[in-house]
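# Sequence plus the predicted model coming up.
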Amino acid sequence: MAKIKEIERTPNPDAMRFVLAEPLTNGVTRSYEDAQEAQDDRLAASLFEIEHVINVYYVDRYITVTQDGGAVWSELLRKLAPPIREAEAQGNLADDAEVHVSKEALDSDDPRLQEINRMLDEQVRPYLLADGGGLKVISLEENRLKVHYQGACGTCPTATTGTLYAIESMVKRVDPEIQVISV
């Protein structure tokens, strides 16, 4: 059973991050945007059963839950805590190869995309994780890099402004013609 050590606010006012005493996964990230996606994940499915939950993102000792803005956090936290406390470690969980990069982008042999992913892994994703979220590369078509924010970052106002601008500035070091689009 997971013990909740802390509950932290994120830069997104509609997302909270639960810090656990023990990890649920060992480096494996899970990101769900609706109950349908989460149906095979007991923890995520139980959280989506709670009214107002619109996103579940977790890795290691961190679980981020995003709500639709229609709930008072003090009330919602009381409903979220029991399923999180009942969660068990998933040590043998298979890594989801597409959690940070789509299959299309994984299969690409474009050296720009490979360099961009390396830079994101080193310079962006760790900071987004600290704020309760992540970033998935969808594709690089011509000079348009499509990315998708996950977890708390998915509905965060700063993700679509400041963070996106910072990512685009970083990507322009690889190719000045690339435009970054959040989808």
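Cool, the structure landed.

# Just say helix, strand or coil for V147.
strand (DSSP: H, G, I helix; E, B strand; the rest coil).

# for I50, same thing?
Applying three-state DSSP: I50 is coil.

# How many neighbouring residues does it have?
15 (other CB atoms under 10 Å). Quick note: C-beta positions are derived from backbone N, CA and C, even for glycine.

# now it: how far from C153?
Look at I50 and C153: by CB to CB, to the nearest Å, they are 21 Å apart.

# Mean pLDDT per helix and strand in this protein: which one sits at the bottom?
helix 103-106 (a mean of 76; mean pLDDT, DSSP states H and E).

# who does that one touch, helix- and strand-wise?
Secondary structure elements in contact with helix 103-106, counted by 3 or more CB pairs under 8 Å, 6 or more residues apart in numbering; DSSP states H and E, are strand 133-141.

# What residues sit buried inside the strand it packs on?
Using 16 or more other CB atoms under 10 Å as the test for burial, strand 133-141 gives 133-140.

# A15: what's its closest spatial neighbour, skipping adjacent residues?
Of all residues not flanking A15 in the chain, A152 sits nearest, at 3.5 Å (CB to CB, 6 or more residues apart in numbering).

# my guess is the one you found meets T64, correct?
Yes: under the criterion of CB atoms under 8 Å, A152 makes contact with T64 at 4.9 Å.

# Can you check which residues contact both of the two?
Taking CB atoms under 8 Å, 6 or more residues apart in numbering as the criterion, A152 and T64 both touch 10, 15, 17, 57, 132-133.
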